[in-house]
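Engineer: Any chance you could fold what I've pasted below:
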Amino acid sequence: MHVTALSLTNFRSWPQLDLELAPGPTALVGANGQGKTNVVEALGYVATLGSHRVSADAPLVRAGAERAVVRARVARGGRETLVEVELNPGRANRARVNRAPVPRPREVVGLLRTVLFAPEDLALVRGDPSERRRFLDDLLVLRAPRLAGVRADYERVLKQRNALLKTAFLARRSGGGDMRTLDVWDAHLARTGSELLAARLRLVDDLAPHVAKAYAEVSAGQGEPGLSYRSSLGDAFPGVAEEAVLSAALLSELARVRPQEVERGVSLVGPHRDELVLALGDLPVKGYASHGESWSFALALRLASWHLLRGDAPEGDGEPVLVLDDVFAELDVGRRERLASLVSGAGQVLVTAAVAGDVPEQLVGGRYDVHQGVVTRVR
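Structural biologist: As a prediction, the model looks like this:
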């Protein structure tokens, strides 16, 4: 799999950009603030329908424009597919495949698969649990696009249930309230939550050996990484990936904590409260790992994702596109060279850098200079 062309209209800083791409490594080189990251962000948006930098779509639309359009031509299995996504802040986004509209934008997920590593990824090991939950769920959707619907359904149910809990809290203060509606939403939360939770548990099991291998490679064997999943079910967590068992456990725990939930007006149990725990040896990475160890773990998570998706790819699809956004300037010489050696043979690698000297020799391939809204091919 590789991208042969990328076109942007009113995306971030770009009123218009048309870029031809080739397999192997390609570098986008330019000073900070020239729009390099905006280019690879657009590519990631086509793959995941989300940005690695912001949670909402509005900042992705160029100031003064009503909408933005991202088009990517993807070569896979000997065929090319044109994927187009139109971002409409405040209105429904739209998508097309080979010029034909699709009913829902999420139906384009999976047509392009990317793994992006960026400086923001340090938040994966140092940030809040929500960063690691998002990492898992984004990878789940890339691995099995149908889970985009499960994820959306769970978020919808959670939003509705939280609204009812707030209503129940207010009603309780006034001496009334009918709690029977919550029973219905408990069942919905347990059904969608168990499916999402089961998929996460399987993913963590599948990802762990890849993380161990990748960490050893980028850190030269310093430390033993570990992944574990901490559920909001607490002692009631069955520790299995069978949906029926998880659903029953969720229902039971929701019933037990309902008084606390009504008192606080928020759902206290479910995948939205869970945590992916990262460890080095017997210590958690967050709060104990050095700066270099934290970078190595973040790199290992992304490289492990890339290897996992490579192994999952249908025959003829090839490996996902790898994007390295301004990461080499953040790494010491040893980690820089090890990372470059590990990915130099990838089917397509896109690298952004402020100066050409930050791009390792192993990744010197096609190059574009980016300056004042103009992209110039150098080689």
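
Engineer: Any stretches of the stretch 251-379 of the chain with poor pLDDT?
Structural biologist: 313-317 (pLDDT under 70).

Engineer: again, only using 50
Structural biologist: Counting by pLDDT under 50, the stretch 251-379 of the chain contains no low-confidence segment.

Engineer: Helices of that one, start to end?
Structural biologist: In the stretch 251-379 of the chain, helices defined by DSSP state H, counting those that start in this stretch lie at 291-312, 333-343, listed in chain order.

Engineer: Mind giving me the packing neighbours of the longest one?
Structural biologist: So that's helix 291-312. On a contact count with 3 or more C-beta pairs under 8 Å, 6 or more residues apart in numbering; DSSP states H and E, helix 291-312 meets strand 114-117, helix 123-126, helix 129-143, helix 180-219, strand 275-280, helix 333-343. Where C-beta positions appear, they are placed from N, C-alpha and C, glycine not excepted.

Engineer: got a pLDDT number for the closest residue to L147 other than its chain neighbours?
Structural biologist: The shortest distance from L147 to any non-neighbouring residue, by C-beta to C-beta, 6 or more residues apart in numbering, is to L140 (4.9 Å). In this model, L140 is scored at 93, pLDDT.

Engineer: Neighbours of L140, how many?
Structural biologist: Burial of L140 is recorded as 20 neighbouring residues (other C-beta atoms under 10 Å).

Engineer: same thing with G366?
Structural biologist: The tally of other residues near G366 (other C-beta under 10 Å) stands at 17.

Engineer: ok now do it, which residues does it touch?
Structural biologist: 21-22, 24-27, 377, 379 (C-beta atoms under 8 Å, 6 or more residues apart in numbering).

Engineer: Look up which residues are beta-bridged to it.
Structural biologist: Note on G366: beta-bridge partners by DSSP bridges are T26.

Engineer: now it: how far from L19?
Structural biologist: From G366 across to L19, the span is 11 Å (C-beta to C-beta, to the nearest Å).

Engineer: One more: D57?
Structural biologist: Noted for D57: a distance of 22 Å to L19, by C-beta to C-beta.

Engineer: R96 too?
Structural biologist: 19 Å.

Engineer: Out of the two, name the residue with the larger neighbour count.
Structural biologist: Using other C-beta under 10 Å, the more surrounded residue of R96 and L19 is L19, with 20 against 17.
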